[in-house]
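> Structure for the following, please:
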Amino acid sequence: MAVKILIVEDDNALQEMYDLKFKQNAWQVERAFSAEEGWQKILEEKFSLILLDIILPEMDGFNLLKNIKQINNPNQVVPVILLTNLGDKASVKKGEELGVENYLIKAHFSPQEVVDKIKEVLFL
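Next up is the predicted model:
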């Protein structure tokens, strides 16, 4: 099965960088610039993994994460990795409580390290 990743990130430069990096791994990539756009794509398509920022226009990543977890079939859970600049303990704890696979601080991880984390989560 092909790996298909949804990037929900409002920074176009970051989206393009991860899009390129993921395509180098022969992964399919969809991009959304807001939680609402991401939500629509999630309702319409099946993804192997969602890479999600927290600080997004209108609805934040935590609210999108809650929506994702509510619709996930326990037999087909889509893993979510938070990739954000929010590194405070409360945000990390909230992400963990909402069931993220990984909580990554953007400044602490290179694109290759993010790829490696995705491979760990997807057992690639």
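
> give the contact list for residue 29.
For residue 29, the contacting residues are 4-7, 18-19, 22-23, by CB atoms under 8 Å, 6 or more residues apart in numbering. Any C-beta I mention is one placed from the backbone N, CA and C, and that applies to glycine too.

> again with residue 33
Residue 33 touches 9-10, 12, 15, 57, counting by CB under 8 Å, 6+ apart.

> re the thing from before, now, which of the contacts of residue 29 sits nearest residue 115?
Checking those against residue 115 by CB to CB gives residue 22 as the nearest, at 7.1 Å.

> most neighbours, which of the contacts of residue 29?
Counting neighbours by other CB atoms under 10 Å, the top entry in the contacts of residue 29 is residue 6, with 25 neighbours.

> helix, strand or coil for it?
Secondary structure assignment for residue 6 (DSSP: H, G, I helix; E, B strand; the rest coil): strand.

> How about the one 4 residues further on?
When the structure is split into helix, strand and coil by three-state DSSP, residue 10 lands in coil.

> hey, where'd the helices end up in the chain?
For the chain, applying DSSP state H gives helices covering 12-24, 35-44, 61-71, 89-97, 111-122.

> Out of those helices, which is closest to residue 105?
Of all the helices of the chain, helix 89-97 comes closest under CB to CB, at 8.8 Å.

> packing partners for the closest one?
In this structure, helix 89-97 makes packing contacts with helix 61-71, strand 102-105, judged by 3 or more CB pairs under 8 Å, 6 or more residues apart in numbering; DSSP states H and E.
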